[in-house]
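1. Got a sequence here, can you model it:
(chains A and B)
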Amino acid sequence: MTQAAEKLALVLLTVAVYRITLGLHRRTQAPPLHPVVLTPALLIGLLLLAGIPYRVYRQATAPITDLLGPATVALAVLLHEHLPLLLQHRKAVGRGLAGGVATALLSVGLVLRLLRVPVPLLSSLLPKATTTPIAVAVAARLGGLPSLTAGAVILAGVTGAVLGPALLDRLRVRHPVARGLALGTGSHGIGTARALSESPAAGAAAGSAIVLAGAVTAALAPVWFALLLRLPSFGCPAPTPTRTVMRMATEDRGTGGPTDPLVQAYDEFTGDPYSFASLIERPALEALLGDLTGQTVLDLGCGTGRYTMLLAERGARVTGIDISAAMLEMARARAQASGLPVRLRQADLTALDSLTEEPVDMVFSSAVTHYLPRLEPLMQGMARALRPGGRVLLSVMHPLYTSQHPVARDDNRFPEQEDWDMRYFDRTPRRYVEPWVAWHEELERFLTESYHHTVEDYIMALLGAGLVLTRLLEPRPPEELREFSPSRYEIAIQYPLYMILEARKPASSGHEGGDRP
Amino acid sequence: MWELALGFAVLVSCLEAGTLVARVLPVPGSVLGMLLLFLLLQAHLLPAGLHRAVVRASHALLRHLLLLFIPVTVGVITLGARLAHLLPLLAAVVVGSTLLILVVTGMLAQAAAGREGA
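-> Numbers count the residues shown, from 1 in each chain, chains lettered A, B, ... in the order given. Just a heads-up that it's a prediction; the model follows:
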């Protein structure tokens, strides 16, 4: 299928599933089976079955999502039409809405801040009582996760629609306008649908409440959010200033097995379809790998096995090597689930000598070298492990990128923005917070120690090990990134993030690379 | 069809104007566009034909509002394991807060509406 046809198919599929669930809803009327729940659930199932990444789906359905803006503007018409009713009950409307919006912002804001939930989650949930287009727009401006907001909005809607009417009966809220206001303020569109089924007046009040509460929330949320961030502790202890230094390639961290938060966060990050690794590094490596049928491959620093599995899928017999037992355990589970021929071994990458009984056809490694203090032992180990004519595919964090990592300090304090300056020839170890632990409450305290190597270091270590450089690539961000995340595109176009080196061990007999003086 | 397209054009114009203002305000452009359209409708600043067109187009769009946010909602699949341990807590906060809003809004409005007379 061409790309355009695939995009159209995904749009049509979305509309079709929506129509079907809508028809189903008209017959059953059960709120938990509301199309707003059932349609995404069915679509998620279909995408998983077909193996379509969300990134692809989201791009394809952008024309649908783009209509949210005009639809929010269109809400003005509802307000305009219901204005007479609102003016008639202006006291009820004014007090009800003021109380409702205040309750919404106070309850979510204070509870999440008290529980010290990561800030992006707070910004995602703060506008959850408003209608989806407004909530998503507000959350996005505060740095939230739009999908989490959408999920929370739906949960708020279903809660009000299912439990709301009985709760209001209990409280003897009988006036249709009061009932409508409550359902619209707490449960937006889904609550409005429920209010409409009670009476037209309740429906109209709920419909207007969506618009008014949405507008007021949109205006107040940013101010309240800023205030909340300035009141960080509420008597809770401030985050501990002592930080643990983590040496990824030489220490076996994450002792809790696959459930260790460090391992989970790492796996989640490397599997994230929006990460730079997925968007920039992986496509370049996929293009370079080719068919590996029958080849023996070493994956050095395999982590939880993301590239190990890719190599195996290309037909290779892979041995993944990593220092972390917990990461290897997760990789092993992944390999077993796939049934592909993968072996996994725990070992230190700086002592590769004892690893391979037989020379291999290829040595692969991705994003590992910046965790190694010196390149020579790795390069010489690779050269020794290879058969004559064997291939090296080494993907590294680009030296221009690692040169900006903050230089380690004795006090291990959190690096400030100004610490991220380029120090190209500075060999001091670098210490910084990995992006994948950055907003994880439990992991934030880890400072990763990493090492910067210059381009010269890489090339000379490679040549010094007797390997012959055949290609050097600096993969660029794809054009599609400009479309769905202009800010990230800007980062990735400013300086290179990855450098890929391809090398060969000379086929000629005579000298074995690693034995050179 | 012509009228719908015209109405849609008005909606998009309001959105664009709102987005422009949103550069200096922390409020989303779509909400500002909504306020702009409300003012236009309320003050009868739009010619009658345009007024009718935007009302029709708005109703057409709002009838299927639900469809429009389905792609965003499907994105919950990307939330994944990093959030898994927090999801029950977040869900409890959402449910609790929603019920609290219903109670506060309902009771305040009932008290006021009761006095105003149904």
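2. And residue A:296, how far from residue A:362?
-> 7 Å (C-beta to C-beta, to the nearest Å). For every residue, glycine as well, the C-beta is placed using N, CA and C.
3. joint contacts of these two?
-> Listed as contacting both residue A:296 and residue A:362 by C-beta atoms under 8 Å, 6 or more residues apart in numbering or on different chains are residue A:316.
4. the more surrounded of those two?
-> More crowded of residue A:296 and residue A:362, by other C-beta atoms under 10 Å in any protein chain shown: residue A:362, with 23 against 19.
5. quick one, phi/psi of the more buried one?
-> Residue A:362 adopts backbone torsions of phi -150, psi 150, taken as degrees, to the nearest 10.
6. got a list of what it touches?
-> Counting by C-beta under 8 Å, 6+ apart, the residues that residue A:362 touches are A:292, A:295, A:296, A:297, A:298, A:316, A:386, A:390, A:391, A:392, A:393.
7. Can you tell me how far it is from residue A:88?
-> Taken as C-beta to C-beta, the span from residue A:362 to residue A:88 is 78 Å.
8. And for residue A:131?
-> Computed as C-beta to C-beta, the residue A:131 to residue A:88 distance reads 24 Å.
9. ok, the two, which is more surrounded?
-> residue A:131 (27 against 14).
10. so what's the backbone phi/psi at the more buried one?
-> The phi/psi pair for residue A:131 (degrees, to the nearest 10) reads phi -70, psi 150.
11. from what I can see it touches residue A:153, true?
-> Yes: between residue A:131 and residue A:153 there is a contact at 7.4 Å, judged by C-beta atoms under 8 Å.
12. Quick check: neighbours shared by those two?
-> residue A:188.
13. next helix or strand past the worst-scoring helix or strand of chain B on mean pLDDT?
-> None of the helices or strands of chain B scores lower by mean pLDDT, DSSP states H and E than helix B:80-84, at a mean of 62. Using DSSP states H and E, the helix or strand that follows helix B:80-84 in sequence is helix B:87-116.
14. And that next one, what does it pack against?
-> Using 3 or more C-beta pairs under 8 Å, 6 or more residues apart in numbering or on different chains; DSSP states H and E, the elements in contact with helix B:87-116 are helix A:90-114, helix A:119-125, helix A:146-170, helix A:176-198.
15. Could you give the average pLDDT over it?
-> For helix B:87-116, the mean pLDDT works out to 88.
16. which parts of it are buried?
-> Buried residues in helix B:87-116, defined by neighbour count with 16 or more other C-beta atoms under 10 Å in any protein chain shown: B:90, B:93-95, B:97-113.
17. Same question for stretch A:165-180.
-> Of the residues in stretch A:165-180, those buried by neighbour count under the rule 16+ other C-beta under 10 Å are A:165, A:167, A:168, A:173, A:175, A:176, A:177, A:178, A:179, A:180.
18. I'd like the average pLDDT over that stretch.
-> On average, stretch A:165-180 scores 91.
19. Contacts for it next, please.
-> The contact list for stretch A:165-180, computed with C-beta under 8 Å, 6+ apart, reads A:85, A:89, A:92-93, A:96, A:182-183, A:192, A:194-195, A:198-199, A:201-207, A:209, B:99, B:102-103, B:105-107, B:109-110, B:112-114, B:118.
20. In chain A, spot the strand with the most residues.
-> Under DSSP state E, the strand in chain A containing the largest number of residues is strand A:386-397.
21. how much distance is there from stretch B:18-29 to the middle of the chain?
-> Per C-alpha atoms, centre = their mean, to the nearest Å, the displacement of stretch B:18-29 from the mean C-alpha position of its chain is 15 Å.
22. end to end, how far does it reach?
-> 4 Å (C-alpha to C-alpha, to the nearest Å).
23. The helix or strand hosting residue A:208 versus helix A:176-198: what angle between them?
-> For residue A:208, the element it lies in under DSSP H and E is helix A:200-230. For helix A:200-230 against helix A:176-198, the angle by axes from the mean of the first three to the mean of the last three C-alpha atoms, to 10 degrees is 110 degrees.
24. Show me which parts of helix A:200-230 are buried, residue by residue.
-> For helix A:200-230, burial by neighbour count (16+ other C-beta under 10 Å) applies to A:201-222, A:224-225, A:228.
25. Summarise which helices and strands that helix is packed against.
-> Helix A:200-230 packs on helix A:68-88, helix A:90-114, helix A:119-125, helix A:132-141, helix A:176-198, helix B:29-42, going by 3+ C-beta pairs under 8 Å, 6+ apart.
26. tell me the most buried of those?
-> Highest mean neighbour count among those (mean count of other C-beta atoms under 10 Å in any protein chain shown): helix A:176-198, with a mean of 29.
27. Can I get it in CSV, CA atoms only?
-> Backbone C-alpha positions of helix A:176-198 (Å, rounded to 0.1, in the frame of the first residue of the first chain) are rendered in CSV as follows:
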residue,chain,number,x,y,z
PRO,A,176,-32.8,20.8,36.3
VAL,A,177,-30.4,23.8,35.8
ALA,A,178,-28.4,22.8,38.9
ARG,A,179,-28.2,19.2,37.8
GLY,A,180,-27.1,20.2,34.3
LEU,A,181,-24.5,22.6,35.7
ALA,A,182,-23.1,19.9,37.9
LEU,A,183,-22.9,17.3,35.2
GLY,A,184,-21.5,19.8,32.6
THR,A,185,-18.9,21.2,35.0
GLY,A,186,-17.6,17.9,36.3
SER,A,187,-18.2,15.7,33.3
HIS,A,188,-18.2,17.9,30.2
GLY,A,189,-19.7,16.4,27.0
ILE,A,190,-20.4,12.9,28.4
GLY,A,191,-22.2,14.5,31.4
THR,A,192,-24.1,16.8,29.1
ALA,A,193,-25.4,13.8,27.1
ARG,A,194,-26.6,12.3,30.4
ALA,A,195,-28.2,15.6,31.4
LEU,A,196,-29.9,15.9,28.1
SER,A,197,-31.5,12.5,28.7
GLU,A,198,-33.0,14.0,31.9
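28. Where do the helices of the stretch 301-450 of chain A begin and end?
-> Remark: helices assigned in the stretch 301-450 of chain A by DSSP state H, counting those that start in this stretch are A:306-313, A:325-338, A:376-385, A:399-402.
29. which one of those helices lies closest to chain B?
-> helix A:325-338 (10.8 Å; C-beta to the nearest C-beta).
30. ok, the closest one near chain B or not?
-> No: Helix A:325-338 stays clear of chain B (C-beta under 8 Å from any C-beta of the partner chain), getting no nearer than 10.8 Å.
31. Output the contacting helices and strands for that helix.
-> Judged by 3+ C-beta pairs under 8 Å, 6+ apart, helix A:325-338 is in contact with helix A:261-271, helix A:306-313, strand A:317-322, strand A:342-346.
32. Lowest mean pLDDT across the ones you listed, which one is that?
-> helix A:261-271 (a mean of 76).
33. Could you pull up the residues touching the closest residue to residue A:96 other than its chain neighbours?
-> Among residues not flanking residue A:96 along the chain, residue B:109 sits closest, at 3.2 Å (C-beta to C-beta, 6 or more residues apart in numbering or on different chains). Under the criterion of C-beta under 8 Å, 6+ apart, the neighbours of residue B:109 are A:89, A:92, A:93, A:95, A:96, A:173, A:175, A:177, A:178, A:181, A:182.
34. again with residue A:382
-> Applying C-beta under 8 Å, 6+ apart, we find residue A:382 in contact with A:298, A:300, A:352, A:363, A:365, A:392, A:394, A:465, A:467.
35. Hmm, the third one is touching residue A:383, no?
-> This means residue A:352. No: counting by C-beta under 8 Å, residue A:352 sits too far from residue A:383 to count as a contact (9.8 Å).
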